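>>> Whatever this is, show me its structure:
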Amino acid sequence: MAEEYKEALLEKKHKYHEGCPGCKVEQMKQLRRGYPYLELSFVWIIVLSTSLPISSLYPFLYYMIEDFGVAKTEKDIGFYAGFIGCSFMLGRALTSVFWGIVADRYGRKPIILLGTISIAVFNALFGLSLNFWMAIGTRFLLGSFNCLLGTMKAYASEIFREEYQATAMSAVSTAWGIGLIIGPALGGFLAQPADKYPDVFSKESIFGRFRYALPCFTISAFALVVTVLCCFIPETLHNHKQDITADDDSYEVLEAASRESGKKEKASQGSLLKNWPLMSSIIVYCVLCLHDTAYSEIFALWANSPRKYGGLSYSTNDVGTVLAISGLGLFTFQVFVYPFAERLLGPVLVTRFAGALMIPIQMSYPFIANLSGLSLSLLLNCASILINVLSVSAITGLLILQNKAVDQSQRGAANGIAMTAMSLFKTVGPAGAGILFSWSERRLNAAFLPGSHMVFFVLNLIVVVGVALTFKPFLTTARR
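Numbering: from 1, shown residues only. As a prediction, this is how the structure comes out:
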């Protein structure tokens, strides 16, 4: 392609634009050798900061709804919990494309800073919620300004050399997955601190009056630290048009390439929706993200609910412990195993196998609820680790396919489209999961899939759809 030919020629002659942050990054990538530990660390902590608040509320949401007094009966709690869970995703769905376009025009770094600051502000306000509607409003605003994931996927694909692209996408999805697990662990351990740790937090303190503020304040404090660190990350977006003033022997090549690039750029502005490798990977990504969000809420509600309804009667601490162990297992797998698996099998096969393996594990959850003691803890932790590892691995493969399907100039917008579509699916996820869970508790004696059996059956149906869509002719990959 002419664009690639032009870039190869520029690289050969070391033609970098002075004052262009994108060119500085490209130059750094050409000169640097060795593993990119620093860049990996920045990507990790930024993505972690944006994923921590998303599901940190799930371990205590059951009790928060109970404290608000909006649920008439215990069986109605899941119904109201779903609306607070989905308000975040609704806000993000409405703004993701906008933030992606802004990132493509003004740079990745300003959007990253805006995202971390908004987490610090709105997540803290959520912890101070006085009623059901304040909780919904603060979560909606948190989602509306949570513009980091799409931007960070584009940023990670630009800051790493080609041989570390799988590592880059694995870092994004791993940090995201770890945050979705550590967030609830923090929520479980730190919620209701005056009740759990009366020697440290009194009933008259702010954390005694606002029982769910401590985990929210902790995550907000981390986001503030990340905001300060983000001041030192480099911008990766180029701020210039393509150079056509090269030496005489290459002028014609560059001029022709520039004309072709200009025509291609104009044509491609409205063609992202016609880019089938991109759109097909986004659709599969959305289906698996729908499962991921629904599973996260259902797991917490199921673990918190009484045993008479098929749950585990777990406390917030018990749920936090399970999720912390799962986070450690996920971190180990994604850092040491996933890059090797991706190189060996490719992103499509990894996604396909991971999805297929989730099905029998989820089928076992209602039977695990019949256990107790050590056998319950052992099997529940093993199942939780496997589900989280497989879910994040499947999603990582699709992130790689998405970023390979577009050029740099369109990555922000492409990831914005992916975030919007994913957020719409994740808006349905918590609300649907809450309604489904509440309904399942009313049919404990049904002849077909009673109680929680129905909940995990529906989760498996979503996974089956996702796996089926990874086959041709639906899912196609771009050759770049």
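>>> so what's the spatially most central residue of the chain up against?
Closest to where the C-alpha atoms of the chain average out (CA atoms, centre = their mean) is W176, at 4.6 Å. Counting by CB atoms under 8 Å, 6 or more residues apart in numbering, W176 touches 47-48, 50-51, 149, 392, 395. (Each C-beta comes from the backbone N, C-alpha and C, glycine too.)
>>> Filter those down to just the ones in helices.
Mapping the contacts of W176 onto helices (DSSP state H) picks out 47-48, 50-51, 149, 392, 395.
>>> sorry, back to before: give me the secondary structure label for the residue nearest to the centre of the chain.
helix (DSSP: H, G, I helix; E, B strand; the rest coil).
>>> got it, and T293?
Assignment for T293 (three-state DSSP): helix.
>>> quick one: low-confidence ranges for the stretch 201-350 of the chain?
The model of the stretch 201-350 of the chain has pLDDT under 70 over residues 239-270.
>>> Then the stretch 351-480 of the chain?
Where the stretch 351-480 of the chain drops to pLDDT under 70, the residues are 408-409, 479-480.
>>> So which residues of the stretch 301-450 of the chain form strands?
Read by DSSP state E, counting those that start in this stretch, the stretch 301-450 of the chain holds no strands at all.
>>> Which residue ranges of it form helices?
316-336, 338-345, 347-363, 365-368, 373-404, 408-440 (DSSP state H, counting those that start in this stretch).
>>> With respect to burial, which of those helices scores highest?
Most buried of the helices of the stretch 301-450 of the chain, by mean neighbour count (mean count of other CB atoms under 10 Å): helix 408-440, with a mean of 23.
>>> what's the next helix-or-strand element following that helix in contact with?
Sequence order places helix 452-468 as the next helix or strand after helix 408-440, per DSSP states H and E. The contact list for helix 452-468 (CB under 8 Å, 6+ apart) reads 284, 287-288, 290-291, 294-295, 298, 302, 310-311, 352, 355-356, 358-359, 362-363, 365-366, 369, 394, 433, 436-437, 439-440, 443, 446, 449.
>>> Give me the neighbour count for S271.
13 (other CB atoms under 10 Å).
>>> Would you confirm that I159 contacts L40?
No - I159 lies out of contact with L40 (CB atoms under 8 Å); the separation is 9.4 Å.
>>> and those two? which has more neighbours close in?
I159 (23 against 20).
>>> Apart from its neighbours in sequence, what residue is nearest that one?
Of all residues not flanking I159 in the chain, E39 sits nearest, at 5.1 Å (CB to CB, 6 or more residues apart in numbering).
>>> Look at that neighbour and report its pLDDT.
The per-residue pLDDT reported for E39 equals 81.
>>> now S129
We have a pLDDT of 92 for S129.
>>> I figured it hits A135, correct?
Yes - using CB under 8 Å, S129 is in contact with A135, at 4.0 Å.
>>> quick one: which of the two has more around it?
In terms of neighbours (other CB under 10 Å), A135 is the more surrounded of S129 and A135; the figures are 25 against 22.
>>> Show residues contacting the helix or strand where the more buried one lies.
A135 is part of helix 132-144 when elements are defined by DSSP H and E. With contact meaning CB under 8 Å, 6+ apart, helix 132-144 is reached by 53, 57, 64-65, 68, 70, 80, 83-84, 87-95, 118-119, 122-123, 125-126, 129, 423.
>>> hmm, back to that, joint contacts of S129 and A135?
With CB under 8 Å, 6+ apart, S129 and A135 have common neighbours M64.
>>> Ignoring the adjacent residues along the chain, who's closest to F68?
Among residues not flanking F68 along the chain, F132 sits closest, at 4.7 Å (CB to CB, 6+ apart).
>>> Y80 versus that neighbour, what's the distance?
F132 sits 7 Å away from Y80, going by CB to CB, to the nearest Å.
>>> can you list residues touching both of these two?
In contact with both F132 and Y80: 65, 68, 70, using CB under 8 Å, 6+ apart.
>>> how about the strands in the stretch 1-150 of the chain?
Secondary structure of the stretch 1-150 of the chain (DSSP E, counting those that start in this stretch): no strands present.
>>> show me where it has helices.
Under DSSP H, counting those that start in this stretch, the stretch 1-150 of the chain gives helices at 2-12, 21-31, 37-55, 58-68, 77-106, 108-127, 132-144, 148-159.
>>> Tell me what angle the longest one forms with helix 108-127.
With axes from the mean of the first three to the mean of the last three CA atoms, to 10 degrees as the basis, helix 77-106 and helix 108-127 are set at 160 degrees to each other.
>>> Quick check: buried residues in helix 77-106?
Neighbour-count burial for helix 77-106 flags 77-97, 99-100, 102-104 (criterion: 16 or more other CB atoms under 10 Å).
>>> which residues touch L376?
By CB under 8 Å, 6+ apart, L376 lies in contact with 312, 368.
>>> Then D76?
D76 makes contacts with S438, as judged by CB under 8 Å, 6+ apart.
>>> ok, Q30 to T470 distance?
The value you get for Q30 to T470, if CB to CB is used, is 35 Å.
>>> who's more crowded, those two?
Using other CB under 10 Å as the criterion, Q30 and T470 rank with T470 on top: 25 against 12.
>>> Thought V350 was touching that one, still the case?
No - using CB under 8 Å, T470 is not in contact with V350; the gap is 10.0 Å.
>>> before we move on, the earlier item: any common contacting residues for I159 and L40?
Residues within reach of I159 and of L40 at once, by CB under 8 Å, 6+ apart, are A168.
>>> for the helices of the stretch 1-150 of the chain, which one ends up most surrounded?
Among the helices of the stretch 1-150 of the chain, helix 148-159 has the highest mean neighbour count (mean count of other CB under 10 Å), at a mean of 27.
>>> Need the contact partners of that helix.
Applying CB under 8 Å, 6+ apart, the set of residues contacting helix 148-159 is 22, 25, 29, 36, 39, 43, 46-47, 49-51, 96, 99-100, 103, 108, 111-112, 115-116, 165, 168-169, 171-172, 176, 234, 236-237, 399, 402-403, 408, 411-412, 414-416, 418-419.
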